[in-house]
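Engineer: Sequence first, predicted model second:
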Amino acid sequence: MKHLKIIFRTFFLLFAVLLTPQAVEAQVVEARQDERVAYFDSVEVSLLTCQPHDEVYSLYGHTALRWHDLHTAANDGRADQHEMESDIAYNWGIFNFNAPHFVARFVFGLTDYELGPYPYSRFQQEYQYYGSMVTEQVLNLTAAEKMRLKEILDDNMLPENRIYRYNYFYNNCTTKARDAIEQCVSGKIEYSENKDFTPSFRDMVHEMARNHPWARFGNDVLLGIQADQPTTRREQEFLPHHLMHDFDEAQVYENGLYRPLVKERRVSVAPGVQMLEPGFPLSPMQCAIGLTIIGLLIFCLEWIKRKTFVVWDVLLALVSGVIGIVLFLMLFSQHPTVRLNLQFILYNPLHLFFLWPIVRGKKTRYWAIAAILALLFLLGGCWQTYAEGIQCLALCLLLQCILHLFRKCK
């Protein structure tokens, strides 16, 4: 019996020795998990919506994410040295404006942007400098959701992922931030729908560029008929202030319960004084009206004197052809909203092929072709919104067509 007790005690001690490392390891893992949950509980994640300022690239606002570790920021005596770890702005709008052919690549939809994290204080200073207000929406995320968001952000920061192909309407800094948040949420984000609000992409661009008529004119030259179609709520979220509004009304549905997506909204950067640099003194419409007056005067003089001004003919054909080259190149753009453009009916490279006979003053079929194209172009305005005043150029060209077709001139 004594031997049995010794054997039992030996096995018990051996079992305890073997079990202890596993128990200790389990406790360590559990402790680390508790620390990890505690860390993410102390993190505040916010959507940052930035007011536009006067730079062309900022006319439509901007969006970023803020990752703010409140515990580290409050207790670390060297918080200034650890700011990159405790208070970060994740910005999907990093680009190099001085890169070769940046504007051309942007127009053709070949622009590459990248995700760049940097101290939030620097982000604040930038918008304070421009006088742009920044609104911060603190998101109502659980620790597990913040954990997933951090994994998503880390994955986006990998060298093979941080650079992405930018698309103004469909894949920009705002939609990137929205998608990351939607991916991390455990339940489903349900948005408040407004079926009566269906502006087109062009309507929204016009609203944002209302104080910059030449930027609006350039956009309208490039945008085609697809930009005039009604948009959905999700498509409207390419603009930062639309996403901000949608987040205010959004609810997260999980396990039969709802919770608001945003738990607090505050002003992170107060609005300041914005310095607006004066642009060209005349608007596109004022220039177009001036062009129309000149065209009518020249037409009247030519009709009365039975004489054509070759320089005017060449100028109209040349301008129409140059605009046509730009629109022709848009056919190969990766932006889907610029490919089908009814302005291409009149403004196309065909005008340039007839420049030489126009310069020589020879009889040519150009005027009959141009007249048909001008009429079709004006008819196309029933389906597509044209660039402001561009119909005036078409009218001047049509007047010259009438002159050459119905009046014998020298």
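Structural biologist: Done, it's in. Numbers count the residues shown, from 1 in each chain.
Engineer: Check the spacing between the closest residue to Arg216 other than its chain neighbours and Phe247 real quick.
Structural biologist: Excluding its sequence neighbours, the residue lying closest to Arg216 (Cβ to Cβ, 6 or more residues apart in numbering) is Ala209, at 4.2 Å. For glycine as for every other residue, the C-beta is placed from the backbone atoms N, C-alpha and C. Separation of Ala209 from Phe247 (Cβ to Cβ, to the nearest Å): 24 Å.
Engineer: about what we covered before: ok, the residue nearest to Arg216 touching Asp220?
Structural biologist: No: under the criterion of Cβ atoms under 8 Å, Ala209 is not in contact with Asp220, lying 9.6 Å apart.
Engineer: Could you chop the chain up by domain?
Structural biologist: Here the domain assignment for the chain is 41-269, 284-406, based on automatic domain parsing.
Engineer: can I get those in JSON lines with mean neighbour count and mean pLDDT?
Structural biologist: Output for those, formatted as JSON lines (neighbours: other Cβ atoms under 10 Å; pLDDT from 0 to 100):
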{"stretch": "domain 41-269", "mean neighbour count": "17", "mean pLDDT": "88"}
{"stretch": "domain 284-406", "mean neighbour count": "17", "mean pLDDT": "93"}
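Engineer: Mind checking those domains for the one nearest to Pro278?
Structural biologist: Among the domains of the chain, domain 41-269 comes nearest to Pro278, with 10.5 Å by Cβ to Cβ.
Engineer: re earlier: tabulate the domains of the chain (CSV), appending distance to Glu277.
Structural biologist: Putting those into CSV (distance: least, Cβ to Cβ, whole Å) gives the following:
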stretch, distance to Glu277
domain 41-269, 6
domain 284-406, 18
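Engineer: Could I get the full set of helices for the stretch 101-250 of the chain?
Structural biologist: For the stretch 101-250 of the chain, applying DSSP state H, counting those that start in this stretch gives helices covering 102-107, 120-130, 143-156, 173-184, 201-208, 213-222, 233-236, 240-249.
Engineer: Nearest to Leu327, out of those?
Structural biologist: The closest of the helices of the stretch 101-250 of the chain to Leu327 is helix 213-222. By Cβ to Cβ, the value is 7.6 Å.
Engineer: Which residue ranges of this protein form strands?
Structural biologist: 43-50, 62-69, 87-94, 112-119, 134-139, 163-165, 188-190, 251-254, 257-260, 262-269 (DSSP state E).
Engineer: residues touching the residue nearest to Arg216, list them.
Structural biologist: By Cβ atoms under 8 Å, 6 or more residues apart in numbering, the contact list for Ala209 reads Leu59, Tyr60, Ala215, Arg216, Asn219.
Engineer: Leaving out sequence neighbours, find the closest residue to the second one.
Structural biologist: Read that as Tyr60. Distances taken as Cβ to Cβ, 6+ apart place Met208 nearest to Tyr60, at 4.8 Å, with adjacent residues excluded.
Engineer: now Ile369: how far from Leu301?
Structural biologist: 25 Å.
Engineer: ok, now Leu48?
Structural biologist: From Leu48 to Leu301 the distance is 60 Å (Cβ to Cβ).
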